[in-house]
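[1] sequence first, then the predicted structure:
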Amino acid sequence: MNLAYDYPVLGAFWTVMWIFLWILWIVLLFRIIGDIFRDDELSGIAKTAWLVFVVVVPFLGVFVYTLARGRGMGKREAEHARAHREAVDEYIRATAGSGAEADSTVDQLAKLSDIRARGDIDDAEFERAKEKILH
C-alpha cells in the first residue's frame, strides 16, 4: 500500500501552510492579549472590553484591535524592551560594582597590613582601622 499516492505533494504543502497560519494566528492573538494587559493608558473597563471582544470574536477582535491600536503596540513593545534592558544593565552594574568594592577592601587591608609591618601603627590602631574597612 503506497501512501504517497494517497496524499499528493500539493496536499502536504497546503497542510503545512494551514498549520503555519494557525500558529501565526495564535502568536498574534497572545501578543494582542499581552498588549492589552501591558497598556497603562487603558482603564480596567476598557481592558476588559477589549479582552472580551478579542476572546469572543477572535478574528474580528484581532483585526479591529490591530487597526485601532496597532501603532501603539510597537511603541509599547519598544518601551518594554527599553525598560527591561535598563533593568538588566542596572543589575550588571550593581553586580560588577560589588566585585570592585571587594577588591578595594582587599587592597585597603593589604595597605593597612603593610603600614603595621613597617611599625607606623600599633596593633590596637590596626584593629580599629580594620573594623572601619570591614564595616
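    Sure, I can see it. Keep in mind it's a predicted model, so treat the numbers as computed, not measured. Numbers count the residues shown, from 1 in each chain.
[2] nearest residue to the middle of this protein?
    residue 84 (4.8 Å; Cα atoms, centre = their mean).
[3] got the contact list for the helix or strand containing residue 128?
    Counting by DSSP states H and E, the element that carries residue 128 is helix 123-134. Helix 123-134 is contacted by residues 105, 108-109, 112-113, 115-116, 121 when judged by Cβ atoms under 8 Å, 6 or more residues apart in numbering. Every C-beta, even on glycine, is put in place using the N, C-alpha and C of the backbone.
[4] same question for stretch 62-78.
    Taking contacts as Cβ under 8 Å, 6+ apart, the residues outside stretch 62-78 that touch it are 25, 28-29, 31-32, 35-36, 38-39, 50, 53-54.
[5] repeat that for stretch 43-60.
    For stretch 43-60, using Cβ under 8 Å, 6+ apart, the contacting residues are 29, 32-33, 36-37, 39, 42, 61-62, 64-65.
[6] dihedrals phi and psi, the residue lying farthest from the centre of the chain?
    Residue farthest from the centre of the chain, counting by Cα atoms, centre = their mean, is residue 119 at 54.5 Å. Backbone geometry at residue 119, expressed as degrees, to the nearest 10, gives phi 90, psi 10.
[7] could I get the contacting residues of residue 28?
    Contacts of residue 28 (Cβ under 8 Å, 6+ apart): residue 62.
[8] I meant to write residue 33 there.
    The neighbours of residue 33, taking Cβ under 8 Å, 6+ apart as the test, are 51, 54.
[9] average pLDDT across stretch 87-103?
    Average pLDDT, stretch 87-103: 74.
[10] farthest-separated two in the contacts of stretch 62-78?
    Farthest pair in the contacts of stretch 62-78 (Cβ to Cβ) is 25 and 39. Separation: 21.4 Å.
[11] returning to that earlier point: now the helix holding residue 128: average pLDDT?
    For helix 123-134, mean pLDDT is 87.
[12] mind listing what's buried in that helix?
    Residues of helix 123-134 classed as buried: 126, 129 (neighbour count, 16 or more other Cβ atoms under 10 Å).
[13] quick one: it to chain centroid distance?
    44 Å (Cα atoms, centre = their mean, to the nearest Å).
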